[in-house]
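Enquirer: pasting the sequence and the predicted coordinates here, then a few questions.
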Amino acid sequence: MTASNDHQKLFDLIKETRFGMFVHRHHDGLLHSHPLTTQNKSIDEGATLYFFVPKDGEIVRNVAADNAVNVSYANPDKDSYVSIAGRASLLEDQAKKEELFTPMAKAWFPAGVTDPNLGLLTVHIDNAEFWDVDDSKMVQIFKMMKAAVTGDTPKDMGEHKKLNIG
C-alpha cells in the first residue's frame, strides 16, 4: 500500500467509528479521557482532525498547558482500531465551524454555529497506528486455537500499520 492509500485507509477507519476517546493531560498530571465526535468529512492536507468542544471547558484549559494528545477509536463490530498521537489547539475559524457544524452538534451547542462558547479543537496528527481485521470471527477463533495448539502466535490476524504523518 502506498502512503496515500494508508492515509485514506486510516481516515476510512476513523469515519466509520466517528466517536473517539480524546486523551489529554490534566493539570494534576493524570491523563483524562473524553468521548468526542470527529467532525471531519474527509482528512485534509494538514492531517488534522476536528472536534467541537466548549471553550470554557476542561479540554481547552488543559491543552493550552500541554497540547500532546491521543485520540483512539475502537470499532469492535468491524474489528478495527486506531490510535492517533498529535498536537491539539483551539482554532478560531468561523468558516470552518460553519462547514463542519451539524444538527447533532446543535444538541451540545443549542445557540448554533455562532454560539460564543463553541470551540473548534484541532488535532494535528503526528503519528497514527491502525489495526484492521477482515476475517470473520470464526476464522479469527480458528487461527487463535491453532496458535494455542502449536504454541505459535496467531498469524495473519489482519492489517496493522504505523504511520509517521507529521
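Expert: Received, thanks.

Enquirer: pull the helix or strand with minimum mean pLDDT from the chain.
Expert: One helix or strand of the chain scores below all others by mean pLDDT, DSSP states H and E: helix 137-150, with a mean of 43.

Enquirer: doesn't residue 77 fall inside a strand?
Expert: No. If the criterion is DSSP: H, G, I helix; E, B strand; the rest coil, then residue 77 is coil and not within a strand.

Enquirer: in this protein, which spans are helices?
Expert: Here the chain has its helices, by DSSP state H, at 3-17, 58-65, 94-100, 103-108, 137-150.

Enquirer: give the residue spans of this protein that score low on pLDDT.
Expert: For the chain, applying pLDDT under 70 flags the ranges 1-4, 44-45, 134-161, 163, 166.

Enquirer: just checking, what's the longest strand in the chain?
Expert: Assignment by DSSP state E gives strand 118-132 as the longest strand of the chain.

Enquirer: go through that one and flag the buried ones.
Expert: 118-126, 128, 130-132 (16 or more other C-beta atoms under 10 Å). (C-beta placed from N, C-alpha, C; glycine too.)

Enquirer: with distance to residue 102 added, can I get those residues in TSV?
Expert: Output for those, formatted as TSV (distance: C-beta to C-beta, whole Å):
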residue	distance to residue 102
118	12
119	16
120	13
121	16
122	17
123	18
124	22
125	22
126	27
128	24
130	25
131	28
132	26
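
Enquirer: which one of the residues you listed is nearest to residue 46?
Expert: residue 124 (6.6 Å; C-beta to C-beta).

Enquirer: measure the closest one to residue 109 for me?
Expert: Distance of residue 124 to residue 109, computed by C-beta to C-beta, to the nearest Å: 23 Å.
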